[in-house]
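# Fold the following, please.
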Amino acid sequence: MVRRLRVSWLALALSLGVAGPVSGGCEAREAPVHAGDPWPQGLAKPADVAEASALRASGVVWTDRQIRQLYLERAAAIGELDSQLRMQGQSAEARARAAYQARHDARMTARAMMRDQRAVEVLEARDRVKYGDPDGPTFEYLVERGREKGREGDALFEAIVESAQQTDAATNRSLGL
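I've put the predicted structure just below:
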């Protein structure tokens with residue numbers, strides 16, 4: 001009951017704009033970026049959180065669309081990573097852990113790229129309410145939820161691999177991607 005109230009409060013705050021924009025990483029000052037568009041020449045594409053943080057601190061600015069584009073590219077690459085690990089004979093659990101980590105790293109890198117720290121705080125608050133962790137679901141959380149849905153063994157881990165490749169369609173549409 002308390003969890004539902006927190007989720008309802010957060011949803012209300014977001015819808016009224018009290019908690020700030022969810023996507024608001026940067027203000028768009030450049031031409032729109034669309035899915036499949038090439039990355040702007042000369043714009044740094046950080047490999048990880050440390051690089052994104054350092055670049056942002058040095059004055060590099062990305063638009064919300066660019067941040068989301070990078071996030072989507074990283075999520076899309078999870079399928080290829082899974083295929084490579086499968087060909088190497090990795091277990092379903094090892095592949096699920098790798099898929100989870102790749103998605104988590106993409107999330108954290110995207111947040112490190114965001115200029116609007118209030119928006120990051122809103123995302124962290126949402127994740128704290130939804131997953132019990134400000135950085136999104138933990139691997140253990142995903143396993144627990146899978147088991148609650150009746151999944152076991154390889155089927156549980158395959159579902160984690162699949163879900164790691166799925167992104168929020170509404171957020172993508174809101175950014176024109």
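# C-terminal to the helix or strand residue 54 falls within, what's the next element?
When elements are assigned from DSSP states H and E, residue 54 belongs to helix 49-57. Going down the chain from helix 49-57, the next helix or strand is helix 64-87, by DSSP H and E.
# got the angle for that following helix vs helix 49-57?
Interaxial angle, helix 64-87 versus helix 49-57 (axes from the mean of the first three to the mean of the last three C-alpha atoms, to 10 degrees): 160 degrees.
# helices or strands up against helix 64-87?
helix 92-113, helix 153-164, helix 169-174 (3 or more C-beta pairs under 8 Å, 6 or more residues apart in numbering; DSSP states H and E). Every residue, glycine included, has its C-beta placed from N, CA and C.
# re earlier: how far off centre is the helix holding residue 54?
Relative to the centre of its chain, helix 49-57 is centred 17 Å away, using C-alpha atoms, centre = their mean, to the nearest Å.
# Buried residues, that helix. List them.
The neighbour-count check on helix 49-57 (16 or more other C-beta atoms under 10 Å) flags 49, 52, 55, 56 as buried.
# What of stretch 109-121?
Result for stretch 109-121 [16+ other C-beta under 10 Å]: buried residues 109, 110, 111, 112, 113, 114, 115, 116, 119, 120.
# any idea which of these is closest to residue 43?
Using C-beta to C-beta, residue 113 comes nearest to residue 43 of the buried residues of stretch 109-121, at 10.9 Å.
# and the closest one, how far is that from residue 101?
19 Å (C-beta to C-beta, to the nearest Å).
# Can you tell me how far the closest residue in space to residue 111 that isn't next to it in sequence is from residue 104?
Counting by C-beta to C-beta, 6 or more residues apart in numbering, residue 120 is the residue found nearest to residue 111 once chain neighbours are left out, at 5.2 Å. The gap separating residue 120 from residue 104 is 15 Å, by C-beta to C-beta.
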